[in-house]
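[1] Have a look at this prediction, sequence included:
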Amino acid sequence: MSTNMTIHLRYWRQTSPTARGYFENRTISTVNEHMSFLEMLDVLNEELQLDGAEPLEFDYDCREGICGSCNLVINGQAHGPKKGTACCQLHMRNYSDGDHITIEPPRASAFPVIKDLVVDRSAFDRIIEAGGYVSVKTGSAQEANAIPIQKNDADQAFDYAACIGCGACVAACPNASASLFTSAKISHLSHLPQGNVERSNRVVAMVEQMQEEGFGDCSNFGECEAVCPKEISIAAIADTRRDYVRAVIQG
Amino acid sequence: MISLDAKIPDGPLEKKWSRHKKEMKLVAPNNRRKYEIIIVGTGLAGGAAAASMAEMGYKVKSFCIQDSARRAHSIAAQGGINASKNYPNDGDSVWRLFYDTIKGGDYRSREANVYRLAEVSNNIIDQAVAQGVPFAREYSGLLANRSFGGAQVSRTFYARGQTGQQLLLGAYQAMMRQVELGGIKYYTRHEMLEVVIIDGKARGIITRDLVTGEICQHEADAVILATGGYGNVFYLSTNAKNSNVTAAWRAHKKGALFANPSFVQVHPTCIPVSGDYQSKLTLMSESLRNDGRVWVPRKKGDDRHPNDIPEDERLYYLEEKYPSFGNLVPRDVASRNAKLVCDKGLGIGKTGLAVYLDFRDAIARDGKDMISAKYGNLFDMYANIAGEDPYTRPMRIFPAVHYTMGGLWVDYNLMTNIPGLFAAGEANFSDHGANRLGASALMQGLSDGYFVLPSTIGNYLADVKPGTRYGTDHEAFDTAAKKAQEAIDRLLNINGKRTIIDFHRTLGRIVWDKIGISRTKEGLEGAISDIRSLREEFWTNVYVPGEKNNYNKYLEFAGRVADFFELAELMAMDALDRAESCGCHLREEFQTEEGEAIRNDKDYSYVSAWEFKDRNGVLEEALHKEELNFEFVELKQRSYK
Amino acid sequence: MPTIIKALQSQVGRKLMTGITGIALMLFLVVHLAGNYAIFASAEAFNIYTKTLESLGILLYMAEAGLLFFVLYHSFLGISIWLGKRKARSAGYEVYKSRGGVSRQNLASRSMILSGLTILIFLVVHIWSFKFGETEMIMSADGEPMRDLRQLVIDSFTTWYIALGYVVVLSLITLHLFHGAWSAFTSLGVTNKNNTQAFKFGAYIFTIVLMLGFIFIPVYIFATGGMGSLIAY
């Protein structure tokens, strides 16, 4: 049914945030087409350990494409070649026997490497801290159906709220911009009446924080949308710009 | 002697929670800032509690093992969240949600807790909507509901198939707001290793900074564990890879009772294991069983293409055995029967651990378009993972562990038997009895976090003198930190030949085979001795790579697997003690000839709460029983014939 | 709320100003092209057009200053975005590949800095040779003296390397606009999920028509040795 494939891996090694990184090559010959990409790396790690070597570190958790932990850059593409798919849901049947695969961490100054392929994405938390919320206290909420929301608005808000915060947008952007991540949250909340109240403060604070974290400018490359595992549209970025201008004009 | 006082308020069921809220002690707003509260875990329960308590003015320290609070495993819940709003006008009420939950739990949960859960369910929806959670809506602009998990009313609120994600992001955002405002100190990539107890009260925790390996000491006036379930004891489950029992287990070893450890829910429609390298299982909505027919070939080892197997050589085992419910029998019945046919050698595929879920007849009846409109995204998900087209070839499915009803024992206030140590969400045992209904995990996590703990914590803290500090140089902190460090050093020094994952996988197989879908006395006894000998080998032959003072994922795993070994033994002991069948717990000795569970309310209507004594090759635990008194509902046997 | 200065320094403000200055420069190109076609109108039209422009005096200087400001601001933003990107990704990828699909990463968008800088250098040469270039003074039909820029244009474009140089530079401007024309409107936030394809299509058509218009002149003059029948004598 399924035969083993041989895959030639080339992956980034870096022992600590300050250490100099390098590439390591290793060939594994027990890759099965039904494995997920991360399971292939699990197999690699078992082999490394049996050889007495240190396993390769990479981030993961749910392995079903929703937690946003995994964020490998595979052959130069964030999350690899498959559209709308996080690398934990990428299966080895997308590769062929004898393929060469290069795995790198997302490269951005705002995402410093912790070890090997693991990076620090706390910049994203701080962007949300700056304003990615509705300031409602527990217990003070009104009856849920008190404010009707047009189905279309609710659906659009959901499209943006689907962001999993993996950082593929930053990894893939030629400028290492976090505009799609930031704008997805801004658009999610500004499409809802609950989020509309703080709309102006939110957009200004989040845009400022994004810049402070050291992400690059947006040049409308649209690469972020192409790699986004949730296929979030860059229309969100246009929304942010409109909201920002409105905030500045209204003062 | 430990007293198991559930502290359930007196009075009629509907009045208990409101009366309790009225009678509980309060902490004055200007005093709240003098109290520090540690919350471990940032899922629905932990995230909601952290945000709510910081809003109230308490100083909160929040810890998670992931790189961000937003990645807690609550995020993966698909289906929805129940509430008794009765928007569809189909006769739902707080009572009915309460009744369904207690009956669904096969009468092994507390009436008062479950009623409170049903009561606050409505506030949760209000709160989530106010936070900007984009629930599904009707064209009227009002919230949409669906029926879920065989409920007779439509009470489930949902955000496409990502309800858990959206609710978690709501709690996460509220939490981040408090981080910005200074109410929460936020520690990511920190794992709790010990609870620190001083003068009999929980006063802090020991954590390991997962980036630097540093062992850190944190003091507080109360500690809340919202650290999720222990499904990963099975190695393969639908839990996230980092989900673990360590925080709860280490608290247990410090004296907190562990309740109903053997109550584990298995979900019948998951994508089956394809090989040894498999790292986790993926759940597909059980709505698939509305149109799919479950079958296996009648002949052992029939490796023909499923479409070439004629009708009379197919065994539609659920339809044959349960003519009236057919493929729609409850989760536990469907799961158990899948295991039964596979045990008989009728399972399909290379592993023999799968059954077919066939849409051929549904597609012939309704057309491919109709089926695709209903299940398109699930079919796509299946095709992506399994690499087969479910429109032309039956799906292969198999049950998988996905929720643990057991957990730390807590009273009505969600406090464990250790004063000042609370447990919330899946980490406690409180509301689901022996079986959890669909769409109520999210409800319980948020109920605990937003509405129960913020009230009950004040009742505890009111008796703690504000500003009491022992200092992290107190010997209790020192001893706990040393203990945590020693455990790590010990693991790193074994230098054996077998990998951690190898041990975990082997342990998982024992637990799945013998403490899984159905249990027998012999099997459980065998499991205990297998677990013991495997554990012994683990401590002499495991290979833990890397260094302690660096990021080291496999070192984290090693500590967690060590705890799973002990938990697994306790699960077997608990299953062995419970000589009845109830909910998810099927003891083969206690079933009707047709394989229906026989509950024994006379002897087993209790919560089993285990007290850790010692582990010297053998796990020693003492059983305490909290009798369950049913004042308001009548106990009935389930039947799906 | 931020001050205007702070807003202009924000990443959104920078992007907006890139778009606004870009659109202003595109509008200028339209006017420039219309003026260029005076060369085909009548023997005197081109020189009268340039003379009229010069006679505007202070108004022309103001317009020129505005234009210079747009060019410099646009260039400054472009260069600083490019420098910012090198800072935001201090360590690069060994392998990098676009995912394709909805990505707008292509030769045009990847080479904005190169095409932009080339255009900037070209502008200096262009102004040097045509605004300040040496011309003969001739008499208009009205007996007024005026610079014979028309002859300068014809002389220049009958020289092969100048004609070729212009075609090359105009191609680079085309490339710049293939990304820039659409991107400018996205930067202003006027595009959304539904109209983005329309904007993209419109931007391509605009760029192609505009640039064919520009390129036609040097190509025609060179191909006909300055004696083509379209050029009015």
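    That came through, no problem. Numbers count the residues shown, from 1 in each chain, chains lettered A, B, ... in the order given.

[2] give the contact list for residue 90.
    Because you didn't say which chain, this covers chain A. By C-beta atoms under 8 Å, 6 or more residues apart in numbering or on different chains, the contact list for A:L90 reads A:36-37, A:74, A:79-82. For glycine as for every other residue, the C-beta is placed from the backbone atoms N, C-alpha and C.

[3] Not quite, go with chain C.
    Counting by C-beta under 8 Å, 6+ apart, C:S90 has contacts A:S109.

[4] confidence score at the closest residue to chain C within chain B?
    Ranked by C-beta to the nearest C-beta, the top residue of chain B for proximity to chain C is B:P134, at 16.6 Å. B:P134 is assigned 97 on the pLDDT scale.

[5] what about the helices in the stretch 51-200 of chain A?
    A:122-131, A:151-161, A:168-172, A:179-190, A:193-196, A:199-212 (DSSP state H, counting those that start in this stretch).

[6] My read is that C:K15 contacts A:D217, right?
    Yes. Using C-beta atoms under 8 Å, C:K15 is in contact with A:D217, at 6.4 Å.

[7] Chain B next: which of the contacts of A:L90 are close?
    Among these, proximity to chain B is found for A:S36 (C-beta under 8 Å from any C-beta of the partner chain).

[8] ok, which pair from the contacts of A:L90 is furthest apart?
    Largest separation among the contacts of A:L90 by C-beta to C-beta: A:S36 and A:P81, giving 14.0 Å.

[9] who has more neighbours, these two?
    A:S36 (26 against 16; other C-beta atoms under 10 Å in any protein chain shown).

[10] What is the burial count for the residue of chain C found nearest chain B?
    Using C-beta to the nearest C-beta, C:K193 is the residue of chain C that sits closest to chain B, at 16.6 Å. Applying other C-beta under 10 Å, we find 13 residues neighbouring C:K193.

[11] Grab the nearest non-local neighbour of it.
    Nearest residue to C:K193 in three dimensions, chain neighbours excluded: A:A235, at 4.4 Å (C-beta to C-beta, 6 or more residues apart in numbering or on different chains).

[12] Then B:A69?
    B:T42 (3.6 Å).

[13] residue ranges with poor pLDDT in chain C?
    C:232-233 (pLDDT under 70).

[14] longest helix anywhere in it?
    Ranked by number of residues, the top helix in chain C under DSSP state H is helix C:58-88.

[15] hang on, the earlier thing: which element is the residue of chain C closest to chain B on?
    For C:K193, there is no host helix or strand (DSSP states H and E).

[16] For residue 119, give me the pLDDT.
    Chain wasn't specified; assuming chain A. 98.

[17] look at chain B instead
    97.

[18] cool, the one 3 residues further on as well?
    The model reports B:N122 with a pLDDT of 97.

[19] can I assume the residue of chain B closest to chain C is in contact with A:A161?
    Yes. Checked against C-beta under 8 Å, the pair B:P134 and A:A161 is within contact range at 5.2 Å.

[20] List the residues that are in contact with both of the two.
    Residues touching both B:P134 and A:A161 by C-beta under 8 Å, 6+ apart: A:188, B:159, B:166.

[21] Return the set of buried residues in stretch B:491-502.
    B:491-492, B:494, B:498-502 (16 or more other C-beta atoms under 10 Å in any protein chain shown).

[22] Got phi/psi on the residue of the stretch 101-250 of chain A found nearest chain B?
    Residue nearest to chain B within the stretch 101-250 of chain A: A:P148 (2.9 Å; C-beta to the nearest C-beta). The phi and psi torsions at A:P148 (degrees, to the nearest 10) take the values phi -70, psi 140.

[23] Spatially, and excluding backbone neighbours, which residue is closest to it.
    B:G141 (2.9 Å).

[24] Just the element for that neighbour, please.
    B:G141 belongs to no helix or strand, assigned by DSSP H and E.

[25] mind checking how far the residue nearest to C:K193 is from A:G222?
    Remark: distance between A:A235 and A:G222 (C-beta to C-beta, to the nearest Å) = 11 Å.

[26] neighbour count winner among these two?
    Using other C-beta under 10 Å, the more surrounded residue of A:A235 and A:G222 is A:G222, with 25 against 22.

[27] Identify the residues contacting that one.
    For A:G222, the contacting residues are A:234, C:102-105, by C-beta under 8 Å, 6+ apart.

[28] just B:D614 next, same as before
    B:E620.

[29] And the residue nearest the centre of chain A, its phi and psi?
    Nearest to the geometric centre of chain A sits A:C166, at 2.1 Å (C-alpha atoms, centre = their mean). Main-chain dihedrals, A:C166, degrees, to the nearest 10: phi -80, psi -30.

[30] how close does it get to A:P229?
    7 Å.

[31] Mutual contacts of the two, please.
    Common contact partners of A:C166 and A:P229 (C-beta under 8 Å, 6+ apart): A:79, A:86.

[32] of the buried residues of stretch B:491-502, closest to chain A?
    Nearest to chain A among those: B:T499, at 5.1 Å, using C-beta to the nearest C-beta.

[33] For the closest one, give the beta-bridge partners.
    Taking DSSP bridges, one obtains B:Y543 as the residues bridged to B:T499.

[34] just the strands in the stretch 51-200 of chain B please.
    If DSSP state E, counting those that start in this stretch is used as the criterion, the strands of the stretch 51-200 of chain B fall at B:59-63, B:81-82, B:156-157, B:184-187, B:190-198.

[35] Please identify the most buried of those.
    Comparing the strands of the stretch 51-200 of chain B by mean neighbour count (mean count of other C-beta atoms under 10 Å in any protein chain shown), strand B:81-82 comes out on top with a mean of 30.

[36] Counting by contacts, list what that strand packs against.
    If you count contacts as 3 or more C-beta pairs under 8 Å, 6 or more residues apart in numbering or on different chains; DSSP states H and E, strand B:81-82 packs onto helix B:111-131, strand B:156-157, helix B:441-446.

[37] Out of the ones you listed, which is the most enclosed?
    Most buried among those, counting by mean count of other C-beta under 10 Å: helix B:441-446, with a mean of 29.
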